[in-house]
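Colleague: this one's sequence-less:
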């Protein structure tokens, strides 16, 4: 029933390799530099493998759970009014709404589900929640933006998974590598242009090498692989930069990151730009 | 007095395998400063109380071995409304039941708590007494301080809980997944008088609430707080300018007070404060002086109206530029206008008309039709509305100094100044009736706290009565 082709086998062994540090982290309860990045990549890989060899809905459900965790953290930090709670419920419900269309492979509906239907439903729910008019615009903005980042952008990984699990894996591996580089550079320098420069020129060779190596399994031609791989570091840096500003505004201290207080947002911020852009690049040129 | 029961092993098992994972998956829990609870044999946990989730969250703090002998203190009448809730709460938490607000006089109110503590059990107390408004810390009840004076050896662990006030606030049935944080402070041992202990513990919780770990996104308030406006009304010669300035001075001990009287003044810490003069103020002065010299009521009308409108403008400027906590007014433009219009059109004035005019002129009632009969009676209203002047402010507190017209005339005569046209017994008595009616209307229809003082007493007595009324009106922090 399960066809253990080489790519799938490699994916599983990758998960196995990732599991070791995750377990060490859980047992020793000590923190190291990028342990949280390991944790979330592990969760993504688990989703991909479950999708591939066990059950498609469960695999997509794991991705939906990642979205849920992230948006829950975001809403816990953002200043929501009491009367926005109905809209927050609506935002949570849009997660199954979007991922259902991923599961049914209905592209047209998937791509409009959040930006059209959820974005229109949230303001109605905000206004139905109470009579206070002050702060309505901010509330709608906060909730809709959270939905956009954590459900819509992350949801693209789910649709990428439908094309091929190695495409999604390629994205996560590349982003992980870029994150590591940025993490190392961040501790060395704080000047922005320098940071961007180093991050790009240190991570681009790595991502290009990985993409070219994996191009047999991802089935992306060499030329496109190289272009995509050089785009990824730029997009990751953009995501990081925006994420930093959001973190500061939400009142998160970078030294005190824990799940529920900024860690999930910190991990996922690199995917905000990469996931949609890479997905649409592949969809436009290759599918 | 009942002996506290341990939480049964089945409930303990459910705590670990059911309650904790469910809460973790749905809501998410962060514990900051858990090391403060380590190495404590026995403790009392105090926490802020916003939601029914609080108690389930506090059990997250406890090591598994401690679950059996830790009990929250809960209000029996509140939880015994529904049998299923009561049995569930009893099964999971085995609370120490107390009855809120009814301390047993014969029995020691802390009897059950103390017997639990003497057996080595731990206690969870919400010193606020009940769930407060979401996100706001209420003042602690004195019970915690009294208990601590009786058991001074047991350390108190303060915990600040944030999250449940949005996940499951009071008066809401909708449960939302929102991450919760528990911030544990260092254990406290308190000695001293019970009031001091209560105050100190409250400050500890406030400190935890302001700590770095509890910080999150905050919107900036959209508007500055509007200062409360206190108006002193009365006919000429009632001494309202003297009284309003002395009240403003006494109110200013604890807050910044602006006084809009014949002149504009500010008070802080009970002393007068010099501020830059405003141009409007000078114009108002000139027009006010002109109106006082008027020979007949007809010539009095327009300058007086202008003066009143300028006075209202001035009020806006005072709020905008000096942002005092409180504005004391000698007369209120809106209410003076109303009383004066009864002087001119006394025959058609009654309470309903009066209330309607307040609604229109203060801009609080916008939906009046253009052919409303009120505009036929008072064509001036339509003009005011068209000029955009129909937004005079309605005072938040009104004090009327009621005085007999004869006494007023006597006082005016004794001043020896030029007498204004309306300062005769006949006209002042009509004006007085008009003021009384206005006060009646704003108290009944507009819910403005209003006090009528007998002005025949000495001015100090009147000022004291006025000060006390303003001070004890809710919403005025003076």
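Modeller: Yep, it's here. Bear in mind that the values here come from a model prediction, so they are computed numbers and not experimental data.
Colleague: which ones are touching the closest residue to residue B:197 other than its chain neighbours?
Modeller: Among residues not flanking residue B:197 along the chain, residue B:145 sits closest, at 4.0 Å (C-beta to C-beta, 6 or more residues apart in numbering or on different chains). Yep, even glycine has a C-beta here, placed from its N, CA and C like the rest. Taking C-beta atoms under 8 Å, 6 or more residues apart in numbering or on different chains, we find residue B:145 in contact with B:190, B:193, B:194, B:195, B:196, B:197, B:198, B:199, B:201.
Colleague: how does it look with 10 Å?
Modeller: Contacts for residue B:145 were tallied using C-beta atoms under 10 Å, 6 or more residues apart in numbering or on different chains; they are B:127, B:190, B:192-202.
Colleague: if you look at those, which of them are in helices?
Modeller: In helices, defined here by DSSP state H, the members of these are B:194, B:195, B:196, B:197, B:198, B:199, B:200, B:201, B:202.
Colleague: mind putting those residues in JSON lines, distance to residue A:121, pLDDT and neighbour count included?
Modeller: Listed next are the ones in helices among the contacts of residue B:145 as JSON lines, based on distance: C-beta to C-beta, whole Å; pLDDT from 0 to 100; neighbours: other C-beta atoms under 10 Å in any protein chain shown:
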{"residue": "B:194", "distance to residue A:121": "53", "pLDDT": "84", "neighbour count": "17"}
{"residue": "B:195", "distance to residue A:121": "52", "pLDDT": "86", "neighbour count": "11"}
{"residue": "B:196", "distance to residue A:121": "53", "pLDDT": "87", "neighbour count": "13"}
{"residue": "B:197", "distance to residue A:121": "51", "pLDDT": "88", "neighbour count": "23"}
{"residue": "B:198", "distance to residue A:121": "47", "pLDDT": "88", "neighbour count": "22"}
{"residue": "B:199", "distance to residue A:121": "48", "pLDDT": "87", "neighbour count": "16"}
{"residue": "B:200", "distance to residue A:121": "49", "pLDDT": "88", "neighbour count": "16"}
{"residue": "B:201", "distance to residue A:121": "45", "pLDDT": "88", "neighbour count": "22"}
{"residue": "B:202", "distance to residue A:121": "42", "pLDDT": "88", "neighbour count": "21"}
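Colleague: what ranges does the stretch 101-250 of chain A have for its helices?
Modeller: A:107-112, A:119-129, A:136-147, A:154-163, A:165-188, A:192-218, A:222-250 (DSSP state H, counting those that start in this stretch).
Colleague: tell me the most buried of the ones you listed?
Modeller: helix A:154-163 (a mean of 23; mean count of other C-beta atoms under 10 Å in any protein chain shown).
Colleague: so how far is it off the chain centroid?
Modeller: Counting by C-alpha atoms, centre = their mean, to the nearest Å, helix A:154-163 is centred 10 Å from the centre of its parent chain.
Colleague: just checking, what packs against that helix?
Modeller: Here helix A:154-163 touches helix A:35-49, helix A:56-77, helix A:85-103, helix A:107-112, helix A:165-188, helix A:271-285, going by 3 or more C-beta pairs under 10 Å, 6 or more residues apart in numbering or on different chains; DSSP states H and E.
Colleague: so what does the fourth one touch, helix or strand wise?
Modeller: Helix A:107-112 sits against helix A:85-103, helix A:154-163, helix A:271-285, with contacts defined as 3+ C-beta pairs under 10 Å, 6+ apart.
Colleague: export the helices and strands packed on helix A:154-163 as JSON lines, with columns for distance to residue B:468.
Modeller: Output for these, formatted as JSON lines (distance: least, C-beta to C-beta, whole Å):
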{"stretch": "helix A:35-49", "distance to residue B:468": "60"}
{"stretch": "helix A:56-77", "distance to residue B:468": "46"}
{"stretch": "helix A:85-103", "distance to residue B:468": "42"}
{"stretch": "helix A:107-112", "distance to residue B:468": "65"}
{"stretch": "helix A:165-188", "distance to residue B:468": "62"}
{"stretch": "helix A:271-285", "distance to residue B:468": "60"}
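Colleague: export the ones you listed to JSON lines and tack on mean pLDDT and distance to residue B:63?
Modeller: As requested, the helices and strands packed on helix A:154-163 are exported to JSON lines (pLDDT from 0 to 100; distance: least, C-beta to C-beta, whole Å):
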{"stretch": "helix A:35-49", "mean pLDDT": "87", "distance to residue B:63": "25"}
{"stretch": "helix A:56-77", "mean pLDDT": "93", "distance to residue B:63": "26"}
{"stretch": "helix A:85-103", "mean pLDDT": "95", "distance to residue B:63": "33"}
{"stretch": "helix A:107-112", "mean pLDDT": "94", "distance to residue B:63": "47"}
{"stretch": "helix A:165-188", "mean pLDDT": "88", "distance to residue B:63": "34"}
{"stretch": "helix A:271-285", "mean pLDDT": "94", "distance to residue B:63": "38"}
